[in-house]
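**Student:** Give the three-dimensional model of this entry:
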Amino acid sequence: MNYTFTIHASHPSLKGHFPDNPVVPGVVILDEVINIIKSLKPDFVVSSIAMVKFIRPLLAEQTVTVEIHEKSETTIGFNCSHNDIKIVTGQLKLKSLQ
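**Tutor:** This next block holds a predicted model:
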């Protein structure tokens with residue numbers, strides 16, 4: 001499954017993050033990925049980040065494609081890319097809300 005998002009230059013986290021060349025903080029990217037996963041699996045919450053690797057920076061206004069791989073009911077892998085260049089890869093652990 002593939003999803004997309006864009007962090008706009010007006011995002012509050014970018015104000016002091018490398019002025020004149022705003023780089024999107026990793027936590028903002030992870031927040032977008034987690035929101036996608038929450039929409040896919042509403043009966044689960046992220047319990048831990050098993051692994052994450054930031055490969056390249058993401059700049060404001062760049063569109064990110066997120067590829068989700070469900071490895072098991074409670075383990076989700078993901079890759080984020082911009083223009084077919086991987087920028088982040090990772091794996092999240094989920095816990096049931098019930």
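**Student:** State the helix or strand in which the closest residue to residue 56 other than its chain neighbours lies.
**Tutor:** In this structure, residue 56 finds its nearest non-sequential neighbour in residue 87, 4.5 Å apart by Cβ to Cβ, 6 or more residues apart in numbering. For every residue, glycine as well, the C-beta is placed using N, CA and C. Using DSSP states H and E, the element containing residue 87 is strand 85-96.
**Student:** ok, now residue 35?
**Tutor:** For residue 35, the element it lies in under DSSP H and E is helix 26-40.
**Student:** Pull up the pairing partners for the next helix or strand after that helix, direction included.
**Tutor:** Per DSSP H and E, the first helix or strand lying C-terminal to helix 26-40 is strand 44-54. Note on strand 44-54: by DSSP bridges, its sheet partners are strand 85-96 (antiparallel).
**Student:** picking up where we left off before, what's near enough to touch the residue nearest to residue 56?
**Tutor:** 29, 54-58, 64, 80-81 (Cβ atoms under 8 Å, 6 or more residues apart in numbering).
**Student:** Pick the one among the residues you listed closest to residue 1.
**Tutor:** Nearest to residue 1 out of the contacts of residue 87 is residue 80 (Cβ to Cβ; 13.2 Å).
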